[in-house]
Structures are given as structure tokens and as C-alpha cells.
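Peer 1: quick one, what's the 3D model for this:
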Amino acid sequence: LKLKLEKGRYANLHALQANIDADYSPDGLNVPTIFLGSDKMDFQANLTAKGETLEISKIQIDQGQAKYAAGYIALPFVWKNLGTDKPLFASDGKVLVTFESENLDLKKLFSDVGAPPLGTGLLNVKVDAHGTLAQVAARVDVHMRDLRSADYPKLEPATFDLVADLQNDQLAFNGRLQQTKIQPVAITGNIPFDIPKMIEEKRFNEETPLNAKVQMPRSSVNFLRQFVPGIMQIDGDLALDVNINGTIAKPQLSGSGDITINMARFTNTTLPSISGFRSRMTFAGDVLRFERVNGD
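Peer 2: Here you go, the predicted structure:
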């Protein structure tokens, strides 16, 4: 197979290019040249499938002089079983994955793929996986910094770190969101993650049970001024404890929150000020309960 595309266009992408050179036989597949490019970014890699291994090497994604990502992937794949009733993926086959991106500009990344930017900031991702298909051990490290939202331009920049570990068919994650106006928010959880079962069913089961928690230690409520410009002055504190259960398709929230507002004044002078306000809230599903409310 020899494929060459020049000056292609698709949606907002221009100057599309493709160059693929491949040959195959019953013994294996060899693709020494894979190049896909546009006016935004380039992707290149080598691919071989021989014996019981599928290997994708020299993975590189670039944007001009900036390197988006690089990596290597080796997965169990029995090429000779293609087109037969025999299994393509050997459960005892070796897995090896390394992938890393550094200082990705989120705004530029969303623009390159033709999607509206959810925010701005820089993203670093590192993925390592090894073991057999039946017992994969993997780790994903995500670091995001200088995160800003276009919807809330006054919001102070934030950083977000996430570590996800896959062991014994369980994916556990531990995240931390930090911003100068609040105490660090902790995000923890785990879900079953059975890769051989996903391959057999050819899908990710959306009924997979979810168990996660989000906790914000007691923090100053002054950060609310970043979201509500109508607040001129506010003093107090807030704490949140949220449980996320149910399934991936239908998560269920429950938890509690405590808020104290010593004093709050609004830019609209016709609104009365608030003082000595205290409330405890609990929520489960679609119901929010105010267990205690008092104030002036």
C-alpha cells in the first residue's frame, strides 16, 4: 500500500497531508512510514505486527517547533489470527507503553483539533504500562498549571495534579486542585478496570460502579467574589465533603457542607447585608436539605 495526500481540507483543517507506506503477508504487517499532517500539527510513527506482538514505535506529535508528545507502544496481537475465529489478543502477551507530553498549550490544543477551548493553561502527561494483558500495571501522571477559565476572567489561576494507578483490574486515582483563594481540594476514587473483559465485550461498560470523593477543607468564602461580581465584601468560611457513587453512566452525589458568613455586603445597595449566617447542608441524589440555618 502506498498512500499520498496533499493539499487536503477537512472542516477547519487545511493543508492536510498523508504519507503511508505499508506491506503485509500472512506472516506480518510492516508500516515503516506513517505521516499525517495539517497546518496545525504533524503525527508520525512506525508500525509492525509480527508473531504475537503489535508494535508502534517512534510516535511523535509536533506543532511547528513544539513537540506535543512522543511514545512507544507494544501490545499482544496475533496477526495470523486476523480473519479467523481464533483470538487476536493473547491474555498472557506482554504489554509495554511509554508516552509523554510536555508543556502542551491547552488553548492551542483545542484550536488545533477544531474544538472550543474549555480553558487555558499548560498540560504535562506521562503514561507508563507494563506486564501482561491479563495483569497490566500502569501509571498515569497529569500535571496542569496556570489554569484559567474564559467564563470567569477574574478567577485566580489554578494547578491540578492527578495520579492514576492500575493494579489487579482496579484503577485508583488521586488528584489535587490548588488555587490561592482556597485550601487544596482533594479528589480520590477507584473503579474496576478489567482490560481483557473490555476486549472481549468490545466496549467499556458504562454500568461500571464508581466510588470517589471530593473534599475541600474549610476555606475562606472570599473566593465566591470571583464567581459573583455582585458581592462587594464577604467574610467567612466554607467546607465541602462530596461522595460520588453509582455508575459511570449515572453517578450519584451525596455529602455535606458547612458555611459561615460573618459579614456580606452587595454592590446593589438596596439588598440588605448579611451577618452571623451559619448553615449546614446535606445532599443526596436530587434532594438538598438545610439542616440548620440562622443569621441576620
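
Peer 1: centroid-nearest residue for this structure?
Peer 2: By C-alpha atoms, centre = their mean, the chain has its centre lying nearest to V142, at 8.2 Å.

Peer 1: can you give me the buried ones in the helix-or-strand element of the chain with minimal mean pLDDT?
Peer 2: Ranked by mean pLDDT, DSSP states H and E, the weakest helix or strand in the chain is helix 106-112, scoring a mean of 78. By neighbour count on 16 or more other C-beta atoms under 10 Å, the buried set for helix 106-112 is 106-107, 109, 112. (Each C-beta comes from the backbone N, C-alpha and C, glycine too.)

Peer 1: same deal with stretch 130-149?
Peer 2: Result for stretch 130-149 [16+ other C-beta under 10 Å]: buried residues 133-136, 138, 140, 142-144, 147-149.

Peer 1: so among these, where is pLDDT lowest?
Peer 2: Lowest model confidence among those falls on S149, which carries 84.

Peer 1: okay, now the unreliable bits of the protein?
Peer 2: Scanning the chain for pLDDT under 70 picks out 64-66, 113-114.

Peer 1: could the buried residues of helix 106-112 go into TSV alongside distance to T270?
Peer 2: Shown next, in TSV, are the buried residues of helix 106-112 (distance: C-beta to C-beta, whole Å):
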residue	distance to T270
L106	41
K107	40
L109	45
D112	48
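
Peer 1: and of those, the nearest to F204?
Peer 2: The shortest approach to F204 among these belongs to L109, at 23.7 Å (C-beta to C-beta).

Peer 1: what sits closest to the residue nearest to the centre of the chain if chain neighbours are left out?
Peer 2: Leaving aside its chain neighbours, V142 sits nearest to L162 (4.2 Å; criterion: C-beta to C-beta, 6 or more residues apart in numbering).

Peer 1: that neighbour touches F173, doesn't it?
Peer 2: Yes - using C-beta atoms under 8 Å, L162 is in contact with F173, at 6.2 Å.

Peer 1: now do the shared contacts for those two.
Peer 2: Listed contacts common to L162 and F173 are I187; contacts here mean C-beta atoms under 8 Å, 6 or more residues apart in numbering.

Peer 1: give the contact list for F283.
Peer 2: Applying C-beta under 8 Å, 6+ apart to F283 gives the contacts 253-257, 289.

Peer 1: which members of those residues occur in strands, if any?
Peer 2: For the contacts of F283, membership in strands holds for 253-257, 289, with DSSP state E as the criterion.

Peer 1: any idea which element the residue nearest to V142 lies in?
Peer 2: Take DSSP states H and E as the rule and L162 turns out to sit in strand 158-167.

Peer 1: neighbouring strands - and their directions - for that strand?
Peer 2: Paired neighbours of strand 158-167 in the sheet (DSSP bridges): strand 136-148 (antiparallel), strand 170-179 (antiparallel).

Peer 1: quick one: closest of those to N124.
Peer 2: Closest to N124 of the strands paired with strand 158-167, according to C-beta to C-beta: strand 136-148, at 4.4 Å.

Peer 1: so what touches that closest one?
Peer 2: By C-beta under 8 Å, 6+ apart, the list of residues contacting strand 136-148 from outside reads 95, 97, 106, 119-131, 155, 157-167, 195.

Peer 1: drop anything exposed from the residues you listed.
Peer 2: Applying 16+ other C-beta under 10 Å to these flags 95, 97, 106, 119-123, 125, 127, 129, 155, 158-162, 164, 166, 195 as buried.

Peer 1: now T208. Its backbone dihedrals?
Peer 2: Recorded main-chain torsions at T208 are phi -60, psi 130, according to degrees, to the nearest 10.

Peer 1: let me see the backbone angles for the closest residue in space to P87 that isn't next to it in sequence.
Peer 2: Computed as C-beta to C-beta, 6+ apart, the closest residue to P87 that is not its neighbour in sequence is N81, at 6.5 Å. According to degrees, to the nearest 10, the main-chain angles of N81 amount to phi -90, psi 0.

Peer 1: my guess is N81 contacts A90. True?
Peer 2: No - contact status for N81 versus A90: not in contact, 9.3 Å apart, counting by C-beta under 8 Å.

Peer 1: between those two, which has more neighbouring residues?
Peer 2: Legend: neighbour count by other C-beta atoms under 10 Å for N81 and A90, higher for A90 (17 against 14).

Peer 1: with that, I have no additional questions.
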